[in-house]
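**Q** Next comes the sequence, and after it the predicted model I'd like to discuss.
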Amino acid sequence: MDKQLSSIYDSRFTNMSELSELYQQVILDHNKKPRNFRKLESANRTAEGYNPLCGDQLTVYMQMEDGVVKDISFEGSGCAISKASASMMTQSVKGKTKGEAETLFNEFHRMVTGELDEEATPNHLGRLTIFAGVREFPARVKCASLSWHTMHAALEGEAATSTE
Ligand code: ZN
């Protein structure tokens, strides 16, 4: 990520239109250039996720070593939100311990379902908070959380998950 973009990510948002503009920029950017979008040959865990409501599907490849997510990638097809979320999920989880990855999964899930006030509660979400807006759109919550559920399934050694 270039310096200018990361400083935009770090700034506080004063109004919703600003947030939604940033949200759109980030979604577009990750759609055009999804990060870690490939099959990972060194993966020792894989899981498939499916969101029947929207048709999003993806495979998460994970290489776990000594309790750390050494590498992670994804492949699949789906809407812009699901793809951008998967791209950012891989960036966030790479290099994290199993416990840290689980914490991120829990915080992200609570944020998009409206259980976590990310402004008021200390958390580790960082730039992932741009997805907070999806809680206003229940059908989109599953698009945003699909990759996280799939990553969590891989972490737990499960082969598949569905948002149903
Ligand atoms: Zn979707």
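**A** On my side now, so go ahead.

**Q** What residues are bridge-paired with residue 56?
**A** Note on residue 56: beta-bridge partners by DSSP bridges are residue 51.

**Q** doesn't residue 144 make contact with it?
**A** No: Residue 56 lies out of contact with residue 144 (CB atoms under 8 Å); the separation is 9.9 Å. For glycine as for every other residue, the C-beta is placed from the backbone atoms N, C-alpha and C.

**Q** If you count surrounding residues, which of those two has more?
**A** Between residue 56 and residue 144, counting by other CB atoms under 10 Å, residue 144 is the more crowded of the two (29 against 25).

**Q** Which elements pack onto the helix or strand that the more buried one is a member of?
**A** If you go by DSSP states H and E, residue 144 is part of helix 138-155. For helix 138-155, the packing partners by 3 or more CB pairs under 8 Å, 6 or more residues apart in numbering; DSSP states H and E come out as strand 45-51, strand 56-65, strand 68-77, helix 80-93, helix 98-112, strand 160-162.

**Q** Report the contact partners of residue 147.
**A** Shown in contact with residue 147 (CB atoms under 8 Å, 6 or more residues apart in numbering): 49, 58, 60, 74, 82, 85, 86, 89, 90.

**Q** Between the residues you listed, which sits nearest residue 139?
**A** Sorting the contacts of residue 147 by how near they are to residue 139, with CB to CB, puts residue 82 at the top with 11.7 Å.

**Q** what sits against the nearest residue to residue 161 once chain neighbours are set aside?
**A** Sequence neighbours aside, residue 153 is the residue nearest to residue 161 in space, at 4.1 Å (criterion: CB to CB, 6 or more residues apart in numbering). Residue 153 makes contact with 47, 49, 60, 159, 160, 161, according to CB under 8 Å, 6+ apart.

**Q** Tell me the one of the residues you listed nearest the ion?
**A** residue 49 (11.2 Å; CB to the ion).

**Q** Wait, the closest one touches residue 162, no?
**A** Yes: using CB under 8 Å, residue 49 is in contact with residue 162, at 7.1 Å.
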